[in-house]
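**Student:** sequence-free structure coming up:
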C-alpha cells in the first residue's frame with residue numbers, strides 16, 4: 001500500500017526561509033525510513049504511518065520553536081488506487097477488515113492519551129475522507145466520537161473538526177484517525193491544518 005503526505009510550512013515571518021530550512025533538520029532521523037522529495041510548493045513524505053506522523057510532529061514542533069506564528073498544511077493519503085505500492089510504506093497498521101468501531105475507538109483514545117508531550121501548544125483542524133465504501137459516514141462519525149473522548153477535541157466546524165492541545169497529542173490523534181477509521185486496505189485521506197503561536201488564537 002502507498003501512504004504519504006504532501007506538506008507545506010508557512011512561518012509568518014520575514015525570515016521564513018531560514019525558519020523553514022532550520023526546521024527541516026528535524027527530518028534527519030527519519031531520512032532512511034521515508035522517501036522525501038521537495039519542490040517549490042510542498043514536500044512529499046512517503047512512508048508508513050508509524051514513521052510519517054512522528055516526522056510531521058517533529059517538523060511542526062521545530063518550525064514552531066521559532067516563536068513565530070507557524071502553519072503546517074498537509075494532505076495525507078493511504079491506499080490511493082492511483083499510486084503504486086511502495087515497499088517503504090509497508091506497515092502492520094494496514095490490511096484486513098476494519099472490525100467493530102467500539103474497540104477501534106477505545107484503542108485510539110488510549111493512544112492519544114498516552115502520547116508523549118512536546119511542550120508545544122497547537123491548534124488543528126482536519127477532515128477525514130473514507131473512499132470507496134458505503135459505510136463511510138459510520139467511519140467518520142466513529143472518528144468524531146473518538147476525538148470527543150481523546151482530550152484534544154475543541155469543537156466541530158463546517159466541513160472539519162477542530163483540535164487543541166499539545167502537538168504530541170494532536171499528531172497522535174491525526175495518526176489514529178488515519179489508521180483506525182476506514183477499511184484497513186482502503187483509500188483514506190486527511191486534509192490537515194495545524195497552527196501554533198497564533199496572535200488571534202480563540
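**Tutor:** Sure, I can see it. Model, not experiment: these values are computed from the prediction.

**Student:** any low-confidence regions in this protein?
**Tutor:** 94-97, 202 (pLDDT under 70).

**Student:** cutoff 90 now
**Tutor:** Across the chain, the ranges flagged by pLDDT under 90 are 1-2, 80-87, 89-102, 132-137, 182-186, 200-202.

**Student:** all strands of it, in order?
**Tutor:** With DSSP state E as the criterion, the chain has strands at 3-11, 35-38, 43-46, 70-78, 121-130, 153-157, 160-166, 188-196.

**Student:** I'd like those laid out as TSV, including distance to residue 85.
**Tutor:** Bear in mind the C-beta positions are built from the backbone N, C-alpha and C, glycine included. Below are the strands of the chain laid out as TSV (distance: least, C-beta to C-beta, whole Å):
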stretch	distance to residue 85
strand 3-11	10
strand 35-38	13
strand 43-46	11
strand 70-78	11
strand 121-130	20
strand 153-157	34
strand 160-166	30
strand 188-196	16
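
**Student:** Next, format those as TSV and append distance to residue 104 and mean neighbour count.
**Tutor:** Output for the strands of the chain, formatted as TSV (distance: least, C-beta to C-beta, whole Å; neighbours: other C-beta atoms under 10 Å):
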stretch	distance to residue 104	mean neighbour count
strand 3-11	18	21
strand 35-38	28	13
strand 43-46	25	19
strand 70-78	16	22
strand 121-130	13	20
strand 153-157	17	13
strand 160-166	17	20
strand 188-196	13	21
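
**Student:** Let me know which of the ones you listed is the nearest to residue 173.
**Tutor:** strand 160-166 (6.1 Å; C-beta to C-beta).

**Student:** helices and strands around the closest one, which ones?
**Tutor:** strand 121-130, helix 136-148, strand 153-157, helix 167-180 (3 or more C-beta pairs under 8 Å, 6 or more residues apart in numbering; DSSP states H and E).

**Student:** And these: which comes nearest residue 78?
**Tutor:** helix 167-180 (6.8 Å).

**Student:** Report the separation between the most centrally placed residue in the chain and residue 200.
**Tutor:** Ranked by distance to the mean C-alpha position of the chain (C-alpha atoms, centre = their mean), the top residue is residue 174 at 4.2 Å. Plainly put, residue 174 is 23 Å away from residue 200 if you go by C-beta to C-beta, to the nearest Å.

**Student:** repeat for residue 12
**Tutor:** Taking C-beta to C-beta, one finds residue 12 at 11 Å from residue 200.

**Student:** repeat for residue 134
**Tutor:** 41 Å.

**Student:** What sits closest to residue 145 if chain neighbours are left out?
**Tutor:** Of all residues beyond its chain neighbours, the one nearest residue 145 is residue 105 (6.1 Å), with distances taken as C-beta to C-beta, 6 or more residues apart in numbering.
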